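Visitor: When you get a sec, could you give me coordinates for this:
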Amino acid sequence: MESPGSPTSSVSTEHTLPVIAPRAGDGAAVEPWVTHIGAESKSTRSTFRELWRAREIVLTLAWRDIKVRYKQTFIGIVWAVLQPFLTMVVFTIIFGKFANFPSQGLPYQVFVYSGLVPWTFFASALSMSAMSVVSNRSLVGKVYFPRLALPLAGVLVPAVDFVFAFGVFFGIVAWFGVAVQPTAPLALVFLFTLAVTAFGTGCTLATLNVRYRDVPYAIPFLIQTWLYLSPVIYATASLPEKWQWVFSLNPATFSITGFRWALTGTPAPSAQELGLGLTTLVVLLVSGLLVYRRFEARFADTI
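Guide: Numbers count the residues shown, from 1 in each chain. Okay, here's the model as predicted:
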């Protein structure tokens, strides 16, 4: 019997009862006990049930990628802090001093860093999940396991970087005398919505990457463009009102705005941002799962 954490595939077993044997002399043979073994249906429920059974595989893949990421590095985990911190310095000089972007009553350093921390997590999660299948081509071609474990593990890996970068945030707010709000635990809710967005989009990109090898060249461009369409260096409320609904379609808009609100008390996401952003998030997640599940059976042959 398969244990909950077993790496073997989950199967649906259908038993066909044997036909009652006729009396001797009728010349008919007894029907054997027949067992049909096949993959579970591709419904959403079975998909997440299969992932839950393979949770140990997901954690093992994530831990392997974490160790590989920092193996033989010079300063190791410090890169997780340097990337958002140095980006904050550059953005503060360009957009805070020269362009004088509004910062909703916060020091611009606090404003931009509170957006960079969740954004850096999102960008890394999206990139790693999009490359997850191709980077594990040898594993995909040799053994069966739930293929969705690959992009899911890619989303989990940047969580380690987030913890260290988030710790620096408390030092920055203490330096500038900004109080952390009692709603701070809600920041994890908005971080989770970013993770779901990265997972759904990453599933689609991972599927395309198996078939089209020029996708890796498009991913950095997509991430950089997505950055400037998200409220990291500016607040959505400072945009012209006629364009705010367009930016609200971006699920990162309400996620980053909500993350900043939970920590520093800036204005919360509007009903428009929540409604449109959540709708887009659901579309990205569902479409990503459908595309991935539709083509995952061909991964081993195509990759």
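Visitor: where do the helices sit along the protein?
Guide: 44-53, 55-70, 78-91, 108-130, 132-135, 137-140, 149-156, 158-175, 187-211, 215-228, 241-248, 251-264, 271-295, 299-302 (DSSP state H).
Visitor: JSON lines please, covering those and showing distance to residue 234.
Guide: Every C-beta, even on glycine, is put in place using the N, C-alpha and C of the backbone. Formatted as JSON lines, those follow (distance: least, C-beta to C-beta, whole Å):
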{"stretch": "helix 44-53", "distance to residue 234": "36"}
{"stretch": "helix 55-70", "distance to residue 234": "31"}
{"stretch": "helix 78-91", "distance to residue 234": "10"}
{"stretch": "helix 108-130", "distance to residue 234": "9"}
{"stretch": "helix 132-135", "distance to residue 234": "32"}
{"stretch": "helix 137-140", "distance to residue 234": "40"}
{"stretch": "helix 149-156", "distance to residue 234": "26"}
{"stretch": "helix 158-175", "distance to residue 234": "19"}
{"stretch": "helix 187-211", "distance to residue 234": "18"}
{"stretch": "helix 215-228", "distance to residue 234": "9"}
{"stretch": "helix 241-248", "distance to residue 234": "10"}
{"stretch": "helix 251-264", "distance to residue 234": "11"}
{"stretch": "helix 271-295", "distance to residue 234": "14"}
{"stretch": "helix 299-302", "distance to residue 234": "40"}
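Visitor: Identify the residues contacting residue 183.
Guide: 261-263, 265 (C-beta atoms under 8 Å, 6 or more residues apart in numbering).
Visitor: per-residue confidence at it?
Guide: At residue 183, the model reports a pLDDT of 96.
Visitor: Return the distance of it relative to residue 249.
Guide: From residue 183 over to residue 249 the distance is 25 Å, taken as C-beta to C-beta, to the nearest Å.
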